[in-house]
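Trainee: When you get a sec, could you give me coordinates for this:
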Amino acid sequence: MSRPSCGLNPFCLSLESHIRECLCNISSPCTYPPKKNITVKIGKHGYLFLIVKGVAITLKQRPDGRQIGIDCVGQGNIIGLGNILLEERNDITFYTKTEIEACCFSTKDFIDLCSKSPELSIEIIHKLSQRFSQAVSNIEHHALDNSTEKILYRIQKLSYEFMSLQKQVFSFTHEELALLAGMNRVTASRVIDNLKQSGLIICLGKGKFKINDKTNSNIY
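Mentor: From the prediction side, this is the model:
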């Protein structure tokens, strides 16, 4: 990817030009193919991955193969940010919903740059605060919602973040919604069909949904 395209994501655009230049100087471009599970090293002695283009679902996997989607992340999000100061070098796995173009940073180099730039440090604190707030919300809905509420929550969240605000409209399969909602695909498909039949969601095409505002104006 070109350096100009790398700097056009929301995270970099929130920074002054000289900070963007410093980030470019310590980054390496990387590309991942779509529809693959990618495992990378993170933590204080690992790496950070700033998404420049594309959408990924971060995963938590167990040795027996069971997994759950943690969150759906796109342009301007940094994979591995939550582990930036952890001493142990952990792995993180993400599913590439689309092809991913990213900037890869050595966590050590990134921390060194933060120590020299209060502006960058503040932006990282802001990102971490957003991530923590979103994690609390996801835990609440995963623990307390029934199956219907879980799917509604995920559709509303994805619709706001990926189906309406970006120039490119992304669709989400039943498997992907099930992964993010923490349920199997059969249950997710049954819930989605029931929601469509009851008019609680509107189908905009294959894999594209939105909450019916006329019947759900106060859901969340």
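
Trainee: For the rest of this, base every contact and every neighbour count on C-alpha atoms.
Mentor: Will do.

Trainee: and Asp109, what does it touch?
Mentor: Counting by Cα atoms under 8 Å, 6 or more residues apart in numbering, Asp109 makes contact with Ile26.

Trainee: Next one: it from Cys24, what distance?
Mentor: Asp109 is 12 Å from Cys24, where distance means Cα to Cα, to the nearest Å.

Trainee: now swap in Lys35 and tell me
Mentor: 27 Å.

Trainee: tell me the contacts of the residue nearest the centre of the chain?
Mentor: For the chain, the residue nearest the mean C-alpha position is Val73 (1.5 Å; Cα atoms, centre = their mean). When contacts are counted by Cα under 8 Å, 6+ apart, Val73 touches Val55, Ala56, Ile57, Thr58.

Trainee: how about the first one, what does it touch?
Mentor: Val55 makes contact with Cys72, Val73, Gly74, Gln75, Thr96, Lys97, Thr98, Glu99, Ile100, according to Cα under 8 Å, 6+ apart.

Trainee: for it, phi and psi?
Mentor: When quoted as degrees, to the nearest 10, the phi and psi of Val55 stand at phi -130, psi 140.

Trainee: Quick check: closest non-adjacent residue to Lys208.
Mentor: The spatial neighbour of Lys208 that comes closest, neighbours along the chain excluded (Cα to Cα, 6 or more residues apart in numbering), is Ser171 at 4.9 Å.

Trainee: burial measure for the one you found, as a count.
Mentor: Ser171 has 18 neighbouring residues, counting by other Cα atoms under 10 Å.

Trainee: try Pro34
Mentor: Residues lying near Pro34 (other Cα under 10 Å) number 16.

Trainee: Report the secondary structure state of it.
Mentor: coil (DSSP: H, G, I helix; E, B strand; the rest coil).
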